[in-house]
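K.L.:
no letters, just coordinates:
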């Protein structure tokens, strides 16, 4: 198909405002009479609130409202309200008479100035009755452990264990020639989006609440606010224009949405509440730390005969996305590398630590780290090249994917093949290494697959409305959020392509729950795939109406007409044409046509694939690991906007490098206190740390469901980079790390142990 | 008590009323109505609030407004040579995909401007060093560096044309 807009890196609809400083983020809003809200946070990790006294705070001049658990509605609610979904947990109150982690909000204040609000927080007197706490999964699962929640299945489980069984693992292991087994441990990286959580709330005279918010899920926030505050949906309006990143975490509610709304209601003035960076760490959402015990059986030729895994994730103090992350991460181990016999168990456990939630890669980062590192270990034992072993077992067309759907195309095999060619992998791996100097280099590769929707965990739908204006320009109404991915641009490209008009003639209206069609939220790598398809359907409907109208004027059947660059002509006949503007616009005595189309798309699932190849440099004297080169190969179906797609890939790699080498949000295991809630102490890869990335995108396995064959890309990019780095470190120094992050101290320690081991072995030989 | 601080802000003489403890960042955003400069951390760790103060890039969260009496400040809103024209950095950040969520973008662009003002032909290492204090969590930096490099080359071409 010859396309003029799709597949081109058109000028994004959102970037002019961003490069000129005109783009409005929620925190940029200043309303007349606006107050400043602040949250008081707990200084203990697990306690009952015996007494809370806000009297002095209320008496402070400038303080207009104070909230504690005693004067807010007590409604048990979901932390992240996906509709009709089993993927989230109902275990939160706006404010509770109990605290479950260090830094949890216990009270809120609105005052005329931020400084007064802060002073007022200090005047709120809280008396805690401390409870025994559990800071690790092991402590929380011990018999007699302190119970963190009264709801749920009990025993500190967020949900009943997720069990996935296919085939017969006992038989599979019996057939194996060799067994690989190990435990893999994951740290606690956090999304660290640049824009701290922020909202502004205002109540109209008629009891309607307007919320300006940085969220990926405006309609979900509307729903839960309405439910908890006892309002009909028409009385809650959520507005999101631009937002400064979310990476999955901004699907949740963070207490401040409710508190800000209630402070505004109580004070009868607009209230703005913005987290500090420290609060964004404390009250935010991290990835789930955890452990994966994994055992696989292999035939001598590399065929996998069985796979068994126990996944244990640390949810922190609340369930948030724990159920979804556990289900998706566990089910992911059914695939990537083919295996008929699997037995997988996933658990998610409450602890008195900061809350883990949704984060790009949603459980799969953790489980595929274990799987892909173990494939490398197995390759070594089998005497095979790891890329060859992975290619041999790569998921392929018709295989049943984790979602239960047959895989479309041979995306993973294509990625591995292209990557080995591009890197001249086999030559590289065979090359003799300089093992004399202090600096060692190595190459590694990792693979992944990720679905372009949350199906079957959530039965999603994408919606869109397309209107053609009387001058032939087009307006797309979408509820899809704009995290900064370029999704709105991609949607406009799809509409322009379908309608045959110029990209510049399509404008996008978004971010107002009173105006745009309902949307489930921007997550699960699904916006371009799912909402894109809905937008294409809506545009097709408008196109049909338009061609019907043009048919009379061109004295031809609508079916014989085509639209290109805003001109309607009879296919194969030159000369006979009118512009879209002429076809839709008013004519003598006849008003302009009212052309509106709507589209709703219920996706199932399409998978995207990637193989990441990396080169690392390990300094054996300092323990420093440096990623020198990354060559990511991604198969994502039809690419709508090449630069935006590459941007997703490169940004995910940056976060993935951070996961592996430096990023770990730490908790003091003696008292639950967060140890590094700042950008100085939570280390992310910055401009000096980032290697060159040579992004290669394949379009070899387009989706039948996605618009023009497109699939998702947002989450894929963060998954394969992790095991690729760990495998490259092993290639460089011969040490196998089964955890992340891998720190310089650990590298030095491991090298010392390795050298001691070999020297003692040498001694044994000598004697 | 507020004090009146006279300054040149984006080429315009202004007087801003500020408390002695107020940061330049909050003053720009809340008093001067310039919300393009972003607050990512408020403690000098992220660079989102970078502005140019008397020709040098600074984290405006670490400068007190009271310190900028009679100083010259350029923010992202002052970068356009004319209302209908963009600075080449702005053009290239759009063209090369240097902005994703856009929250770090004003700070990165101002830092890049300060770099190019001082060193019109930076190497890649010099670019990476210059923006080392600007956290971007979306791009992996590749496309930011592409945009800055392209701008250096555009500006050199322009200078050559002018010289001819």
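P.N.:
Received it, and whenever you're ready, just let me know what you need. Just so we're clear, the structure is a prediction, and the values are computed from it rather than from any experiment.
K.L.:
nearest to chain B: which residue in the stretch 501-650 of chain A?
P.N.:
The stretch 501-650 of chain A approaches chain B most closely through residue A:650 (3.4 Å), counting by C-beta to the nearest C-beta. C-betas here are computed from N, CA, C, even on glycine.
K.L.:
tell me which strands and helices the helix or strand where that residue lies is in contact with?
P.N.:
Residue A:650 is part of helix A:642-661, with elements assigned from DSSP states H and E. Applying 3 or more C-beta pairs under 8 Å, 6 or more residues apart in numbering or on different chains; DSSP states H and E, one finds that helix A:642-661 contacts strand A:625-635, strand A:696-698, helix A:721-733, helix B:142-163.
K.L.:
tabulate the ones you listed (JSON lines), appending mean pLDDT, distance to residue A:503 and mean neighbour count.
P.N.:
Listed next are the helices and strands packed on helix A:642-661 as JSON lines, based on pLDDT from 0 to 100; distance: least, C-beta to C-beta, whole Å; neighbours: other C-beta atoms under 10 Å in any protein chain shown:
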{"stretch": "strand A:625-635", "mean pLDDT": "98", "distance to residue A:503": "24", "mean neighbour count": "24"}
{"stretch": "strand A:696-698", "mean pLDDT": "98", "distance to residue A:503": "20", "mean neighbour count": "18"}
{"stretch": "helix A:721-733", "mean pLDDT": "97", "distance to residue A:503": "32", "mean neighbour count": "27"}
{"stretch": "helix B:142-163", "mean pLDDT": "94", "distance to residue A:503": "20", "mean neighbour count": "17"}
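K.L.:
and the strands in the stretch 1-150 of chain A?
P.N.:
A:35-41, A:47-53, A:63-67, A:77-78, A:90-92, A:98-99, A:105-111, A:125-130 (DSSP state E, counting those that start in this stretch).
K.L.:
from chain B, which residue is nearest to chain A?
P.N.:
Going by C-beta to the nearest C-beta, chain A is nearest to residue B:36 of chain B, at 2.0 Å.
K.L.:
bridging residues for the residue lying closest to residue A:696 once chain neighbours are set aside?
P.N.:
Residue nearest to residue A:696 in three dimensions, not counting chain neighbours: residue A:633, with 4.8 Å by C-beta to C-beta, 6 or more residues apart in numbering or on different chains. Beta bridges link residue A:633 to residue A:611, residue A:696 when assigned by DSSP bridges.
K.L.:
what number of residues lie near residue A:681?
P.N.:
13 (other C-beta atoms under 10 Å in any protein chain shown).
K.L.:
now for it: which residues touch it?
P.N.:
residue A:675 (C-beta atoms under 8 Å, 6 or more residues apart in numbering or on different chains).
K.L.:
next: the one 4 residues further on.
P.N.:
For residue A:685, the residues meeting the contact criterion (C-beta under 8 Å, 6+ apart) are A:654, A:657, A:658, A:661, A:662.
K.L.:
same deal with residue A:215?
P.N.:
A:221, A:238, A:240, A:243, A:246, A:250, A:251, A:481.
K.L.:
which of those residues fall in helices?
P.N.:
For those, the ones inside helices are residue A:221, with DSSP state H as the criterion.
K.L.:
and the two most separated of the contacts of residue A:215?
P.N.:
Maximum pairwise distance among the contacts of residue A:215 (C-beta to C-beta): 14.5 Å, between A:238 and A:246.
K.L.:
these two: who's more crowded?
P.N.:
A count of neighbours by other C-beta under 10 Å puts residue A:246 above the other of residue A:238 and residue A:246, at 29 against 24.
K.L.:
what does the stretch 201-350 of chain A have sitting close to chain B?
P.N.:
Proximity of the stretch 201-350 of chain A to chain B is confined to A:242, A:243, A:244, A:245, A:247, A:274, A:276, A:277 under the rule C-beta under 8 Å from any C-beta of the partner chain.
K.L.:
please tell me how far the residue nearest to residue A:235 when sequence neighbours are not counted sits from chain B.
P.N.:
Among residues not flanking residue A:235 along the chain, residue A:208 sits closest, at 4.9 Å (C-beta to C-beta, 6+ apart). Per C-beta to the nearest C-beta, to the nearest Å, residue A:208 is found 26 Å from chain B.
K.L.:
skipping adjacent residues, who's closest to the residue of chain B closest to chain A in space?
P.N.:
Using C-beta to C-beta, 6+ apart, the nearest residue to residue B:36 is residue A:21, at 2.0 Å.
K.L.:
hmm, residue A:134 is touching residue A:147, no?
P.N.:
No - the criterion here is C-beta atoms under 8 Å, and residue A:134 misses it with residue A:147 at 9.2 Å.
K.L.:
residues bridging contact with those two, i.e. touching both?
P.N.:
residue A:156.
K.L.:
so for the two, which residue has more residues nearby?
P.N.:
residue A:134 (23 against 15).
K.L.:
so that one versus chain B, what's the distance?
P.N.:
31 Å.
K.L.:
list the contacts of that residue.
P.N.:
With C-beta under 8 Å, 6+ apart, residue A:134 has these contacts: A:46, A:140, A:142, A:145, A:146, A:148, A:156, A:350, A:351, A:352.
K.L.:
likewise for residue A:232?
P.N.:
residue A:226.
K.L.:
measure residue A:374 to residue A:729 for me?
P.N.:
15 Å (C-beta to C-beta, to the nearest Å).
K.L.:
ok, now residue A:248?
P.N.:
Distance from residue A:248 to residue A:729, counting by C-beta to C-beta: 27 Å.
K.L.:
what of residue A:389?
P.N.:
From residue A:389 across to residue A:729, the span is 18 Å (C-beta to C-beta).
K.L.:
chain neighbours aside, what residue packs nearest to residue A:531?
P.N.:
Spatially, and ignoring its direct neighbours in sequence, residue A:531 is nearest to residue A:462 (4.0 Å; C-beta to C-beta, 6+ apart).
K.L.:
and that neighbour, backbone torsions?
P.N.:
Main-chain torsions, residue A:462, degrees, to the nearest 10: phi -100, psi 140.
K.L.:
tell me, how many residues neighbour it?
P.N.:
Neighbours of residue A:462 using other C-beta under 10 Å come to 30.
K.L.:
equivalent analysis for residue B:20, please.
P.N.:
Residue B:20: 10 neighbours (other C-beta under 10 Å).
K.L.:
chain B: helices as residue ranges?
P.N.:
Listed in chain order, the helices of chain B (DSSP H) span residues B:24-26, B:88-96, B:105-118, B:124-130, B:142-163.
K.L.:
adding distance to chain A, write these out as JSON lines.
P.N.:
Compiled in JSON lines, those are given as follows (distance: least, C-beta to the nearest C-beta, whole Å):
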{"stretch": "helix B:24-26", "distance to chain A": "9"}
{"stretch": "helix B:88-96", "distance to chain A": "4"}
{"stretch": "helix B:105-118", "distance to chain A": "5"}
{"stretch": "helix B:124-130", "distance to chain A": "4"}
{"stretch": "helix B:142-163", "distance to chain A": "5"}
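K.L.:
quick one: residues contacting residue 113.
P.N.:
Going with chain A. Residue A:113 is in contact with A:36, A:62, counting by C-beta under 8 Å, 6+ apart.
K.L.:
hm, I was asking about chain B
P.N.:
B:52, B:74, B:79, B:87, B:89.
K.L.:
can you list the residues of the stretch 651-767 of chain A near chain B?
P.N.:
A:651-655, A:678-680, A:684, A:686-688, A:690, A:692-693.
K.L.:
number of nearby residues for the residue of the stretch 201-350 of chain A found nearest chain B?
P.N.:
Residue nearest to chain B within the stretch 201-350 of chain A (C-beta to the nearest C-beta): residue A:244, separated by 3.1 Å. For residue A:244, the neighbour count with other C-beta under 10 Å is 29.
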